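Asker: Test case, fold it:
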Amino acid sequence: MVTSINYNEPNTDEYHSVKTGDTVFDSGDFIKDWFHSRKHITEISQTNWEPQSNSSSVDHFMMDGAKFDSAYLKEVEDEIWDLVYIDRTDPNWWVEDEPGIEFFVPEGEEWTWQQLKDYCKE
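Answerer: Residues are numbered from 1 along each chain as shown. Got it, this is the predicted structure:
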């Protein structure tokens with residue numbers, strides 16, 4: 001299953017939707033659409049696992065200057081999950097273990113998992 005981002009390249013302000021497999025998330029809010037696409041993948045994986053990857057449009061969206069930062073859902077203590085942020089100023093930032101499931105938050109902000117879930121409630 002492939003995830004892609006539909007926007008008018010290279011203008012990230014003209015974002016349209018996130019598409020995961022055949023399902024389109026098009027609320028107009030990238031943070032919410034990405035969140036719901038990850039939720040969709042998780043729900044499908046419980047009954048019918050298949051490999052998941054991102055199309056190059058995901059990298060292009062970020063490299064074109066989208067104003068979002070990555071946040072990774074990770075178990076921080078036994079059965080306690082939160083968003084963690086990678087310090088990309090550290091020259092070895094990429095060496096970290098599997099960072100978790102990638103979500104996005106507004107650039108310069110560090111939301112908690114609960115804040116992101118509250119923001120993305122349907």
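Asker: and the residue nearest the centre of the chain, bridged to which residues?
Answerer: When CA atoms, centre = their mean is applied to the chain, the residue found nearest the centroid is residue 103 (2.9 Å). Beta bridges link residue 103 to residue 71 when assigned by DSSP bridges.
Asker: okay but it is in contact with residue 68, surely?
Answerer: No - look at residue 103 against residue 68 with CB atoms under 8 Å: they stay out of range, at 9.4 Å. (C-beta placed from N, C-alpha, C; glycine too.)
Asker: what do the two both touch?
Answerer: residue 31 (CB atoms under 8 Å, 6 or more residues apart in numbering).
Asker: returning to what we had before: could you check the distance from the residue nearest to the centre of the chain over to residue 11?
Answerer: Distance of residue 103 to residue 11, computed by CB to CB, to the nearest Å: 23 Å.
Asker: OK, contacts around the residue nearest to the centre of the chain?
Answerer: Neighbours of residue 103 in contact, by CB under 8 Å, 6+ apart: 31, 34-35, 38, 70-73, 83, 116.
Asker: Tell me the buried residues in stretch 31-49?
Answerer: 31-38, 40-41, 44 (16 or more other CB atoms under 10 Å).
Asker: Tell me where the model's unsure across this protein.
Answerer: Within the chain, the stretches with pLDDT under 70 are 94-98, 122.
Asker: what about residue 118, neighbour count?
Answerer: Residue 118 is flanked by 10 other residues according to other CB atoms under 10 Å.
Asker: do the same with residue 53
Answerer: 8.
Asker: Same check on residue 73?
Answerer: Neighbour number of residue 73 under other CB under 10 Å is 17.
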